[in-house]
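**Student:** after the sequence you'll find the predicted model.
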Number of protein chains: 2
Amino acid sequence: MAKTADLYFRADPWKIIEEGFDPSHARVSESVFSLANEAMGVRGYFDEGGTADSLRGAYTNGVYEIVPIGRSYRGIIDHTHFMIPTADWLMTGITLDGEQLDLGQVRFRDFRRELDMRAGTLTRSFVWETASGKTLRLTILRFLDMMHRERAYQRVTLEALNFSGEAGFCAGLTFDVRHEGYGKCFWQDPRAEAERGRLLLQSRTAASGQEVFAGALVSLPGSVVCETGGKTALLRCVLPLEAGRPVSVDKRAVILFTGETGGELWAHGLRALAESEAVSLDEAMEAQRAFWDAWWQTSDIRIEAADETVSEAVAAEQQGIRFCSFQLAQTYSGGSAGHNIGAKGMTGEAYNGHAFWDTESCCLPFYLFTNPEAARDLLLFRYNTLPGAIERAKMLDCKGACYPIATLNGEEACSLWQHASLQLQPGTAVAYGIWHYVRLTGDEDFLWRYGAEMLLQIARFLASRAARGNHTGQYGFYGVMGPDEFHMMVNNNAYTNYMGQRTLAFAAETLERMAGEMPEACAALMAKTALTREEIAHWRVIAEQMYIPRLESGLIEQHDGFFDLPHTEIDSVPVTDFPLYDHWSYDRIYRTDMIKQPDVLMMMYLYNSSFSTEEKRINYEFYEPRTIHESSLSPAIHSILAAELDRMGEAVRFFGYATRLDLDNYNRNTREGLHVTSIAMAWANIVYGFAGLRSDGDLLRFAPRLPPRWKRLCFSVMYRHRVIRAEMEAGQTRFRLEGGEALPVRIYDRDYTLTVEGLAIPRP
Amino acid sequence: MAKTADLYFRADPWKIIEEGFDPSHARVSESVFSLANEAMGVRGYFDEGGTADSLRGAYTNGVYEIVPIGRSYRGIIDHTHFMIPTADWLMTGITLDGEQLDLGQVRFRDFRRELDMRAGTLTRSFVWETASGKTLRLTILRFLDMMHRERAYQRVTLEALNFSGEAGFCAGLTFDVRHEGYGKCFWQDPRAEAERGRLLLQSRTAASGQEVFAGALVSLPGSVVCETGGKTALLRCVLPLEAGRPVSVDKRAVILFTGETGGELWAHGLRALAESEAVSLDEAMEAQRAFWDAWWQTSDIRIEAADETVSEAVAAEQQGIRFCSFQLAQTYSGGSAGHNIGAKGMTGEAYNGHAFWDTESCCLPFYLFTNPEAARDLLLFRYNTLPGAIERAKMLDCKGACYPIATLNGEEACSLWQHASLQLQPGTAVAYGIWHYVRLTGDEDFLWRYGAEMLLQIARFLASRAARGNHTGQYGFYGVMGPDEFHMMVNNNAYTNYMGQRTLAFAAETLERMAGEMPEACAALMAKTALTREEIAHWRVIAEQMYIPRLESGLIEQHDGFFDLPHTEIDSVPVTDFPLYDHWSYDRIYRTDMIKQPDVLMMMYLYNSSFSTEEKRINYEFYEPRTIHESSLSPAIHSILAAELDRMGEAVRFFGYATRLDLDNYNRNTREGLHVTSIAMAWANIVYGFAGLRSDGDLLRFAPRLPPRWKRLCFSVMYRHRVIRAEMEAGQTRFRLEGGEALPVRIYDRDYTLTVEGLAIPRP
């Protein structure tokens, strides 16, 4: 694996800073400078547009379009849905002496872009040098309100440096936005109004029939020309400029997507716009900073370099870690069970905004330990989309519920049947998420009200999909694709069988416990779902008789026949062959023992305490050298297991990649958007990897192993309404509770009781 | 398997007769009444068109259009090609008292359609009863010239039964023909001329750029109106009718597809049209009958019923056998190495006119024993398309040549990657075809000039695609789909490994022998293809170390893990679930031990003498009950093996299906076209099955086993410029040579010398 960092941004503990504008890097920067507030996301594109390479993407969570795809065989989807850009609320035009501001064309200097992760704002500034010799400093600020998620702000400040005169200014709002892949705009039937200080728009998608309201209030001086045309509303004016005296134009936008339509939505939009006037932009910015202050207070991870020689590298890591945390928190922070986390969040159109099983397997721990309510909301998304999963199971001739491999609305959206029909991991990941959430939060109310029903439908699906092997005599899943997507249509994939076994057992246990503890609710659920005790007993049988292909040594065969697959030395594959999907014939990928991402090791990460260290060691040693980490989730999981196995060199090497995946454009595709779900693993890499947190056992466990180049690592986790603060140093780790009752924990395999006084545990 | 016959046509030894017109059967009849002469094919559609359900398909061999399909992954095709209808030369319009002849609308009686397999003609007649009370008998004849393959004839005879008067008549020619699947006409830039007695058209396809000339001479009395418009040329006249005196309009058409374009093709068309006038329609019809007389002389299969009780059933079989032979012979009879045999010939648009590996594995024996020159031409098609196969291998990151799974022009046209990339059987089938052809004909000239080069490129492909198993330590093919298409992405498919082994060994043997016998040609070939002795030696190594998963009992595992697959009792699958592709979720088909068509048994059919009877028995007994015959090729192969294993009941049961597959619409899809390659297996079913012919050993072998319900079975095979005639009866079979030198043969495992005197061999 010869993926390399592409150092571009200046290191800074709290900011991402771009100095100077490199057009070849334009799209990568746009992705990195994305903002979001769960309800909306916007790439760091230039407000004023222009000819530089750009993906002008402003997105509204949950907004998508539907297109038909050719019907082929039963069980293969015949239509799909994908995130589309919604109203561009940043639309701005500036002219000076007849010259249009376009950083792809005009002369400019002192370009600087700054994402402030403590303020939650993005600022861009530069000095425009016109052909006529004038210089104008432009400073453009934007942020998305983390509390009032329908609100977004822009402030354009113009400072004439060497002249006094006038600039043409135009502030707009438009639904004339193109989905890049389809090369078209999906918005239709626009209603547009422009009046002094106010722009109003509403439009609807053709097939999904979703309606979005976009309004903006703009502070423009003097006389204003109001224009509407098609899907666009505009205000134009002439801005008087005086040398050395900055002039600002503030725009506040409201984007509403509520399920309302027509006049109802329009009226709601007008109200929301009016309500937004209660605070000034500066007040909103202050509130935003206060939000992020509070957030970092409990969620920040701090690292310090062991010495001067590594200070630069560690500073880059520090920046990277915060960038990951910031992006995750702004992408999703809960409060709506209608949202999930797209593989690229709302930072680009690759992966179509779809959420995958990454949510439960990779992102959930971050939320469980920083924002448990958000974790609950993520699981409620699955509850709300259970009807789609039940429908999907029927399409596949199965019972129960088959959660989709890729979705925005709960319907399967993946048009590749080999993934959509063969990958059973979304369902087992949801079950795992429920198990993990309830175990960590003790929220049994959730389990009885929502979890049990999801579990039973997932178990029902798995039971109908499992079959008894003719030779093994045991149950297994045939014709599947496990997490390692380099092998498909395999039988007895260890991960699928094991996760299926755990899911079936957990579902049975949950229903049985519910029958005892919540007999009425249980009876109602069983009646609603026509569930019988026999069916539950059958799940137990399948779980008990599930085939796990484990050798005596503890080595687990990834799937039937894996050990016979022709061997490929992964170092023999030329770097230029990566990514393999682009350079290898599609079928060729599937016939060697090369692995895309952890499969056996993935289950050992998820159910860590269920495997002995020796089992982890032997499987790590076998599978790691066969893994090419073509999934960006892969290195962090290897790093976590490497740390556990005291292979600190490898743990650090795999980690290097995790925190700065997008900042350094390791995968050479950050231009398409951020790897939002992958960067969730950067957090896990530190907390599970170097702090050795384990959350799948009876007690919360820690086993800190500080990488040598760090002097100190400080982090917090929230657990059962307490904040646990940890400060790791080479020789010891101090743990303390921020408040609340004492908490039993296990550290390095010894049990302790953690209190507000704290403990200092030396590294053994 | 509960497929049932749909008896519709009248039994007749030499004709297919439809009496009365059933609109619900219209498309099936259209398929059954298809005519062809290799260069052209035409469904039995109504000349006069109308509102009855119809696929108005007239096809020209080798004419196709190309369309792009979305690019997905490397090695998966991004465009495909498919047969499109060409000029409709039968276009006819008749009006009487303002009523337009349309059998979907008008009253008629005495409808009769008759395909005469001795004459090679199709005749349709009926009496039209107009609303005005007139009755007009129409008799419409058509045939495609088997000798002058650009020529086609139509004769429309009108006989006024109860009146004298006039009928409006229109004879046309049009490229305004719609491909049904795409719902559009692919012809453009037409040139059209109509003049007294002559219609001329030429048009071109948009993407493939193919140009076709269509001309017609029409004998119309009186004054004629000539019309051209768009892609159509028409002649209209008023036909005077006298009660009881039939009037005929003859049309002769010339369809030219030569690779010429523009004026050159037009001039060629005019010449060809003029040349066609050398013979009258009646003379052409006589010549046609003579052609078929001669053909039946050597290729007919005659059966006689054992007694009265089965006479009807046997008559149906007799008709069915002849129908199969007739369809095959008219679809392909050699003379052009640019043609192959589409799965549906030129009788419909399903399967896009594509040829599959059926050609070499199923059709070739028919030609080898009835028309060896045609067999040679079929193999030359593969030689001519070798460059496309070399290109395809590159797309798949392999070396050598990968023959396409579906093609008209040598390029891969199958858009399902799982078939196009995983099925290696086309290449091994071509190699088998070469081996079989050379073995039967002794045509070593072909082997040195064409066969060796194909073999080396196929072997090179296989060598680059094979890999050594990590556990087996032997070579095998990983990630393939064998003939049984119900299992994909499997490893060590027995058929693929075995055929690969034989192909590699035969290629090595051929090249080594060529080096000795044709040193210069061999050196030239090796230089041309950069072939080294080391490479040949490597083929030997792979062949010798090929893994064939054979148990001690002789049972061969279809592929790694097959024996562990969950078992499905095929009788437990409801009849309404067939075809499974339509009723089962696509992925579900792949995870049981149900088999679509013979796989292990297929190789035992092809290399019959390489397996002991015991091996065949044990594998037949294991695999047959797991096979659902979802491929129409399947029953015949099972019938042949069942006969060999003396399971005559099963042999007869499977055979029942073979001969009348399309006449009785067993698969309920004859409406889409005839199963042309499948019906080739009807011939093989008799000659290989009941006569026990084996052609893969050193000597030609026979082992006649007459089904009890037949009194006599007579057939001929051509072999090394001799005709062998066989007359099988219950107790004995008489063999004799029609002429030529004595021939050593093996009958029931004893060696004989066959002469013109003949032999009578009692059944042991």
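**Tutor:** On my side now, so go ahead.
**Student:** tell me the SS of residue A:310?
**Tutor:** Secondary structure state of residue A:310, per DSSP: H, G, I helix; E, B strand; the rest coil, is helix.
**Student:** what residues are up against it?
**Tutor:** residue A:709 (C-beta atoms under 8 Å, 6 or more residues apart in numbering or on different chains). All C-beta atoms are positioned from the backbone trio N, CA, C, and that covers glycine.
**Student:** show me the shaky parts of chain A.
**Tutor:** For chain A, applying pLDDT under 70 flags the ranges A:1-7.
**Student:** outline the domain layout of chain A.
**Tutor:** What automatic domain parsing lists as the domains of chain A is A:33-296, A:300-697.
**Student:** can the first one be found next to chain B?
**Tutor:** What it means is domain A:33-296. Yes. Domain A:33-296 lies within reach of chain B by C-beta under 8 Å from any C-beta of the partner chain, at A:72-76.
**Student:** hey, which of the domains of chain A is tucked in deepest?
**Tutor:** domain A:300-697 (a mean of 21; mean count of other C-beta atoms under 10 Å in any protein chain shown).
**Student:** tell me the gap between that domain and the middle of its chain.
**Tutor:** Its chain's C-alpha centre and that of domain A:300-697 lie 14 Å apart, by C-alpha atoms, centre = their mean, to the nearest Å.
**Student:** isn't residue A:645 right up against residue A:618?
**Tutor:** No. Residue A:645 is beyond contact range of residue A:618, at 10.2 Å (criterion: C-beta atoms under 8 Å).
**Student:** still on that earlier bit, narrow the residues of domain A:33-296 next to chain B to those in helices?
**Tutor:** Nothing among these maps onto helices, per DSSP state H.
**Student:** I'd like to know which of those residues is nearest to residue A:14.
**Tutor:** Using C-beta to C-beta, residue A:76 comes nearest to residue A:14 of those, at 47.9 Å.
**Student:** and that closest one, how far from residue A:415?
**Tutor:** 8 Å (C-beta to C-beta, to the nearest Å).
**Student:** one step back: rebuild the domains of chain A as a markdown table, extending it with distance to residue B:733.
**Tutor:** Output for the domains of chain A, formatted as a markdown table (distance: least, C-beta to C-beta, whole Å):
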| stretch | distance to residue B:733 |
| --- | --- |
| domain A:33-296 | 47 |
| domain A:300-697 | 43 |
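**Student:** by proximity to chain B, which residue of the stretch 501-650 of chain A wins?
**Tutor:** Here the stretch 501-650 of chain A gets closest to chain B at one residue, residue A:585, 3.2 Å apart by C-beta to the nearest C-beta.
**Student:** so residue A:8 makes contact with residue A:28?
**Tutor:** Yes. Counting by C-beta under 8 Å, residue A:8 touches residue A:28, with 7.4 Å between them.
**Student:** quick check: neighbours shared by the two?
**Tutor:** Joint contacts of residue A:8 and residue A:28 (C-beta under 8 Å, 6+ apart) are residue A:665.
**Student:** skipping adjacent residues, who's closest to residue A:370 in space?
**Tutor:** Leaving aside its sequence neighbours, residue A:370 sits nearest to residue A:299 (C-beta to C-beta, 6 or more residues apart in numbering or on different chains; 4.5 Å).
**Student:** so how far is the host helix or strand of residue A:95 off the chain centroid?
**Tutor:** Following DSSP states H and E, one finds residue A:95 within strand A:92-96. The chain centre lies 35 Å from the centre of strand A:92-96; the measure is C-alpha atoms, centre = their mean.
**Student:** repeat that for stretch A:11-18.
**Tutor:** 21 Å.
**Student:** quick one: terminal-to-terminal distance for that stretch?
**Tutor:** End-to-end distance of stretch A:11-18: 10 Å, with C-alpha to C-alpha, to the nearest Å as the criterion.
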